[in-house]
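[1] Dropping a prediction and its sequence here:
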Amino acid sequence: MKRANWGSKLGFILATAGSAVGLGAIWKFPYMAGKNGGGAFLLVYLACVFTVGIGMLLAEMIIGRAAQKSATTAYRDLKGGLWPWAGRLSVLCSFVILSFYSVVGGWTFAYLYQSITGAAITSNVDQLGALFGQFIADPAQAILYTVLFLGVTMWVVLCGVEKGIERWSKVLMPLLFGLMLVLIARSLTLPGAMEGVAYFLTPDFSQINSDMVLDAMGLAMFSLSVGGGLIIAYGSYVAPETNLSKTSLWITLLATLACIFAGLLVLPAVFAFNVDPSAGPGLTFITMPAIFAQMPFGQLFAIAFFLLLIFAALTSSVSILEPIVAFLIDEFGFARKTATWAAGLSVFVFSIPAALSFGVLKDFLLFGKNPFDLMDYAASNIMLPAGGLLSALFVGWAIWPRVTQDMQAEGSARILPSFRIVCAWVSPVVIGAIWIHSL
């Protein structure tokens with residue numbers, strides 16, 4: 001069967017950036033920066049992204065394009081041995097991420113409904129906090145909205161690469177950036193907002209410790225979609241003549257810009273409304289409605305924001321589901337429809353504990369974490385860095401002659417020495433040191 005391809009280079013860039021410019025940027029980055037000291041975390045995060053992160057992103061694109069297969073099959077076809085287990089780890093990682101990510105995606109649908117009814121449009125942050133707490137504790141609503149989000153994700157993946165993923169990304173990504181700029185302008189004019197800007201942009205180096213660096217590295221992997229096999233899957237649809245080194249730079253810049261925009265959107269409002277910046281996963285869902293309540297036509301902006309947040313969440317969830325689907329297609333010969341249904345229903349079963357983590361399972365703790373937090377920690381801080389590390393080692397050592405040949409053919413020979421250093425030495429040393437220190 002002929003391998004699907006992206007219809008254009010722009011489509012590939014926007015779809016891949018869309019996998020990052022979703023809840024990873026708008027939902028997760030602000031609260032991670034908030035709980036880790038603001039400016040210091042931003043500095044460490046940028047260092048992680050533009051060294052190890054971009055190197056791993058390029059490495060995974062190269063693996064996918066070279067094999068024209070998803071992760072497990074690509075590792076087997078290019079080298080064999082034990083390497084396919086690196087692909088299986090990445091698919092498992094995507095599975096775990098989508099299991100808790102779909103819960104947060106469901107929250108976006110719920111808040112779109114709350115915005116339409118006006119229930120979430122108030123500047124009383126205590127009331128908003130109580131509303132959010134009641135919603136996520138309700139098992140029926142939590143599961144219902146998770147099902148809704150997963151269902152839409154499956155529909156886009158069923159449409160395929162060019163007609164589904166690429167087509168939607170080209171429309172939604174520019175809209176999302178445009179609306180973020182409008183909302184940032186409003187957030188920055190709130191009384192007390194500059195205190196939040198200072199918190200976000202001024203590094204306090206005393207805040208830097210091993211836990212923060214591990215969080216920053218995990219978020220760098222999460223926000224660049226590295227380590228979960230999806231970049232390998234997306235790379236397998238790339239035409240041979242595409243310059244991957246330039247493409248990886250554009251994707252990294254867009255993903256990083258989205259995170260900075262999200263920080264400037266949420267954290268100034270956090271300080272304006274005296275919300276704890278380390279409030280956690282609900283931060284965006286508490287501060288944003290408070291901004292809308294003080295804007296002319298605020299309800300319309302709220303509806304537009306949560307609608308586009310749904311779209312941003314979907315560009316990510318689609319990219320997370322795709323490597324699982326591609327794994328079933330490449331490894332077991334499933335048709336896309338069968339693979340999508342099998343993957344989607346399996347993810348739903350495992351998303352149920354995550355959906356109930358703030359209600360009936362809130363006191364069910366493993367390693368001190370509820371199921372949602374445990375999935376997030378295991379995927380972001382352990383499996384994603386491990387998957388990214390293995391892909392870097394694979395490129396830097398196992399298939400380096402093939403990589404050299406491919407990059408010379410695309411005109412990227414000048415970056416080969418630095419790229420080899422990042423893959424073969426920097427990534428293993430940095431991630432290994434962070435893991436050992438954190439243990």
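    Noted; the coordinates are in hand.

[2] got the buried residues for the strand or helix carrying residue 326?
    Per DSSP states H and E: residue 326 is located in helix 298-332. By neighbour count with 16 or more other Cβ atoms under 10 Å, helix 298-332 contains the buried residues 298-299, 301-331. Every residue, glycine included, has its C-beta placed from N, CA and C.

[3] quick check, residue 278 in a strand?
    No: counting by DSSP: H, G, I helix; E, B strand; the rest coil, one finds residue 278 to be coil, located in no strand.

[4] Quick one, grab the pLDDT at residue 8.
    According to the per-residue confidence, residue 8 scores 62 in pLDDT.

[5] Repeat that for residue 418.
    Reported pLDDT for residue 418: 94.

[6] what do you get for the one 3 residues further on?
    Residue 421 is assigned a pLDDT of 95 by the prediction.

[7] can you check the one 10 residues further on too?
    On pLDDT, residue 431 comes in at 80.

[8] what does the one helix or strand it maps to contact?
    Secondary structure here is read from DSSP H and E; on that basis residue 431 sits in helix 427-438. The contact list for helix 427-438 (Cβ atoms under 8 Å, 6 or more residues apart in numbering) reads 51-52, 55-56, 210-211, 213-214, 217, 385-386, 388-389, 392-393, 396.

[9] Can you name the element that comes right after the helix holding residue 326?
    Once helix 298-332 ends, the next helix or strand along the chain (criterion: DSSP H and E) is helix 336-355.

[10] So for that next one, mean pLDDT?
    Over the span of helix 336-355, the pLDDT mean works out to 95.

[11] Can you list the buried residues in whichever helix or strand comes after it?
    Counting by DSSP H and E, the next helix or strand C-terminal to helix 336-355 is helix 371-377. By neighbour count on 16+ other Cβ under 10 Å, the buried set for helix 371-377 is 371-377.

[12] So which of the residues you listed is the closest to residue 157?
    residue 375 (20.8 Å; Cβ to Cβ).

[13] For that closest one, which residues are in contact?
    Residue 375 makes contacts with 96-97, 99-100, 354, as judged by Cβ under 8 Å, 6+ apart.

[14] farthest pair in the residues you listed?
    Checked with Cβ to Cβ, the contacts of residue 375 reach their widest spread between 97 and 354, with 10.5 Å between them.

[15] In strands, which of the contacts of helix 427-438 fall?
    Among these, no member is found in strands (DSSP state E).

[16] Looking at these, which one is closest to residue 119?
    The shortest approach to residue 119 among these belongs to residue 211, at 36.9 Å (Cβ to Cβ).

[17] Quick check, pLDDT for that closest one.
    pLDDT, residue 211: 83.

[18] again with residue 14
    At residue 14 the predicted local confidence, pLDDT, stands at 68.

[19] With residue 436 instead?
    At residue 436 the predicted local confidence, pLDDT, stands at 71.

[20] What of residue 231?
    Residue 231 is assigned a pLDDT of 87 by the prediction.

[21] What of the one 3 residues further on?
    You'll see residue 234 listed with a pLDDT of 81.

[22] Wait, a helix at it?
    Yes: under three-state DSSP, residue 234 falls within a helix.

[23] Number of residues surrounding it?
    When neighbours are counted by other Cβ atoms under 10 Å, residue 234 registers 27.

[24] ditto for residue 203
    When neighbours are counted by other Cβ under 10 Å, residue 203 registers 16.

[25] before we move on, what about the one 4 residues further on?
    A count of neighbours around residue 207, defined by other Cβ under 10 Å, yields 15.

[26] Name the nearest residue to it, ignoring sequence neighbours.
    Sequence neighbours aside, residue 37 is the residue nearest to residue 207 in space, at 3.2 Å (criterion: Cβ to Cβ, 6 or more residues apart in numbering).

[27] ok, the one you found - contacts?
    Contacts here follow Cβ under 8 Å, 6+ apart; on that basis residue 37 touches 204, 207-208, 212.

[28] so is it in a helix, a strand, or just coil?
    For residue 37, the secondary-structure state derived from three-state DSSP is coil.

[29] what ranges of the chain fall below the confidence cut-off?
    By pLDDT under 70, the low-scoring segments of the chain are 1-22, 24, 160-169, 280, 437-439.

[30] tell me the phi and psi of the closest residue to residue 277 other than its chain neighbours?
    Once its chain neighbours are removed from consideration, residue 277 has its nearest residue in residue 34; the separation is 3.4 Å (Cβ to Cβ, 6+ apart). When quoted as degrees, to the nearest 10, the phi and psi of residue 34 stand at phi -60, psi -40.

[31] The closest residue in space to residue 192 that isn't next to it in sequence and residue 190: what is the separation?
    Using Cβ to Cβ, 6+ apart and skipping the chain neighbours, the partner closest in space to residue 192 is residue 272 (4.4 Å). In this structure, residue 272 lies at 4 Å from residue 190, with Cβ to Cβ, to the nearest Å as the measure.

[32] Pick out whichever of those two has more residues nearby.
    For residue 272 versus residue 190, the count of surrounding residues by other Cβ under 10 Å is larger for residue 272: 24 against 17.

[33] what's that one in contact with, if anything?
    By Cβ under 8 Å, 6+ apart, the contact list for residue 272 reads 187, 190-193, 196.

[34] any idea how far it is from residue 294?
    On the measure of Cβ to Cβ, residue 272 and residue 294 end up 9 Å apart.

[35] if I look at those two, which residues touch both of them?
    Counting by Cβ under 8 Å, 6+ apart, the residues touching both residue 272 and residue 294 are residue 190.

[36] Counting by contacts, list what the strand or helix carrying residue 401 packs against.
    Under the criterion of DSSP H and E, residue 401 resides in helix 400-409. Using 3 or more Cβ pairs under 8 Å, 6 or more residues apart in numbering; DSSP states H and E as the contact criterion, the elements in contact with helix 400-409 are helix 54-67, helix 416-421.

[37] buried sites along it?
    400, 402-403, 406-407.

[38] Quick check: which element contains residue 260?
    Secondary structure assignment for residue 260, by DSSP H and E: helix 244-272.

[39] Beyond that helix, next helix or strand please.
    Past helix 244-272, heading to the C-terminal end, the next element that is a helix or strand (DSSP H and E) is helix 283-293.

[40] That next one relative to helix 244-272, how many degrees between them?
    60 degrees (axes from the mean of the first three to the mean of the last three Cα atoms, to 10 degrees).

[41] Export stretch 294-311 to CSV, keeping only CA atoms.
    As requested, the backbone C-alpha atoms of stretch 294-311 are provided in CSV (Å, rounded to 0.1, in the frame of the first residue of the first chain):
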residue,chain,number,x,y,z
GLN,A,294,-13.5,42.3,32.2
MET,A,295,-13.5,42.6,28.4
PRO,A,296,-16.0,44.3,26.2
PHE,A,297,-17.9,41.4,24.4
GLY,A,298,-16.1,39.1,26.8
GLN,A,299,-18.5,36.3,26.4
LEU,A,300,-17.8,36.2,22.6
PHE,A,301,-14.1,36.2,23.3
ALA,A,302,-14.5,33.4,25.8
ILE,A,303,-16.5,31.3,23.3
ALA,A,304,-13.8,32.0,20.6
PHE,A,305,-11.0,31.2,23.0
PHE,A,306,-12.3,27.9,24.2
LEU,A,307,-13.3,26.9,20.7
LEU,A,308,-9.8,27.5,19.5
LEU,A,309,-8.4,25.8,22.6
ILE,A,310,-10.4,22.8,21.5
PHE,A,311,-8.8,23.0,18.1
